[in-house]
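*Asks:* have a look; sequence and predicted model below, questions after that.
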Amino acid sequence: MICSPIVVWIRAFRLHFIIPAILSVLLGSVIAWSQGYPFHVLNCLLVMLGVTLNSMGLNMLDDVFDFRNAADRRKNKEKNPYSGGSGVLTDNLLTPKSMLKASVLCFTGTSLTGIYLFWVCGWPVLFLGLFGLLSSIFYTVPPIKFGYRGFGELGLLVNFGPVLVLGAYYVQAGGFAIEPLLASLILGLIMWSMIIINEIPDYDDDRDARKWNLVARFGRQAGLLLYVVGLVAAYLVLIFMVMSSVSSPLVLLGLLSLPWALHSILVADRFLHNPLHIAPANLSIIKAHTMTGLGLIASYLVTGFIRQ
């Protein structure tokens, strides 16, 4: 089967990891607007552009270094479409060199948008931007490659949660607040669970490649437990925000994602040792993250319109 270059590159970008980043940016932006701050359209668009390019660069770097370490070389084996990288290298659709060049271009674009936002918004943007950029580069790049040492899950929780949401909030509000921090933990914790469940099908390959993420280190059963803990913690934070009067009850719209979260847990538990049959659980957690993000964004949009 011959794929067009555009289709191949879209596959290499792994869009299902870019959408969560966009949702985090939108969430931080609309929280600031709902609190009465003026909405800076250009700042929001630049943050979205920066995090999109950064996510693309991260995904391609991850592919390249996993390929070099033999973590993503399952040739002649059926593959879970939501784990084990994009597969463009193992299928010989792109070369590591071309993906490295593309990742450099992406990170350069991220840096340029970050420099502009630092210039117009101040030092906190520089700190958050550098943290996110360096975390993305050294997720799999030696000598740090913290994704191989059991810290990748925490790193993605922090980056897709507090870093993105608070960064987007700051460029709108010019400061920080407890509400966006708590809201960021919801999306960050679900991202934690998304990464955990993506590691479960890769258990054998990751161990062979000495990629000691949490699942490879502690086993599939422990991974399932960590997966459930992340989801439960996310929904508890959401409920706490309402009970503590940090947010209006409207944020409970985020609970609309519960059916997909529960489905993912049931499927993961049933097919824990079957990399192919667990795929619906991988898809359900993507849907759960998306629906949670959209529910929260919608709740703050309604709050903002009510306050107008």
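*Replies:* That came in fine, so what should we check first? Predicted, not measured: the structure shown is a model, and the values here were computed from it.
*Asks:* helices of the stretch 201-308 of the chain, start to end?
*Replies:* Along the stretch 201-308 of the chain, counting by DSSP state H, counting those that start in this stretch, helices occupy 203-208, 214-218, 220-243, 258-270, 279-307.
*Asks:* Three-state assignment for residue 109, please.
*Replies:* The local conformation at residue 109, judged by DSSP: H, G, I helix; E, B strand; the rest coil, is helix.
*Asks:* ok, now which ones touch it?
*Replies:* With contacts defined as C-beta atoms under 8 Å, 6 or more residues apart in numbering, residue 109 is in contact with 49, 50, 53. Placement of C-beta: from N, CA and C, glycine included.
*Asks:* how close does it get to residue 51?
*Replies:* Using C-beta to C-beta, to the nearest Å, residue 109 is found at 11 Å from residue 51.
*Asks:* please apply the same query to residue 164.
*Replies:* Distance from residue 164 to residue 51, by C-beta to C-beta: 6 Å.
*Asks:* now do residue 176
*Replies:* Using C-beta to C-beta, one gets 18 Å for the distance from residue 176 to residue 51.
*Asks:* who touches stretch 231-245?
*Replies:* Stretch 231-245 has contacts (C-beta under 8 Å, 6+ apart) with 179, 182-183, 185-187, 189-190, 193, 246-249, 251-252, 254-255, 258, 261, 264-265, 288, 292, 296.
*Asks:* filter these down to the ones in strands?
*Replies:* Among those, DSSP state E puts none in strands.
*Asks:* now the buried members of those residues.
*Replies:* Neighbour-count burial (16 or more other C-beta atoms under 10 Å) is assigned, among these, to 179, 182-183, 185-187, 189-190, 193, 247, 251-252, 254, 261, 264-265, 288, 292, 296.
*Asks:* any chance of the helices of the stretch 201-308 of the chain in JSON lines, with mean pLDDT too?
*Replies:* Below are the helices of the stretch 201-308 of the chain laid out as JSON lines (pLDDT from 0 to 100):
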{"stretch": "helix 203-208", "mean pLDDT": "90"}
{"stretch": "helix 214-218", "mean pLDDT": "96"}
{"stretch": "helix 220-243", "mean pLDDT": "98"}
{"stretch": "helix 258-270", "mean pLDDT": "97"}
{"stretch": "helix 279-307", "mean pLDDT": "96"}
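*Asks:* closest to residue 25 out of these?
*Replies:* Closest approach to residue 25 among the helices of the stretch 201-308 of the chain (C-beta to C-beta): helix 279-307, 10.2 Å.
*Asks:* off-centre distance for that closest one?
*Replies:* 14 Å (C-alpha atoms, centre = their mean, to the nearest Å).
*Asks:* now it: buried residues?
*Replies:* Going by neighbour count (16+ other C-beta under 10 Å), the buried part of helix 279-307 is 279-286, 288-300, 303-304.
*Asks:* can you check stretch 119-130 too?
*Replies:* Under the neighbour-count criterion of 16+ other C-beta under 10 Å, stretch 119-130 has 121, 124, 125, 128, 129 buried.
*Asks:* and stretch 253-272, by the same measure?
*Replies:* 253, 254, 257, 260, 261, 263, 264, 265, 267, 268, 271, 272.
*Asks:* repeat for stretch 222-234
*Replies:* Buried positions in stretch 222-234, judged by neighbour count with 16+ other C-beta under 10 Å: 223, 224, 226, 227, 228, 230, 231, 233, 234.
*Asks:* I am finished for the moment; much appreciated.
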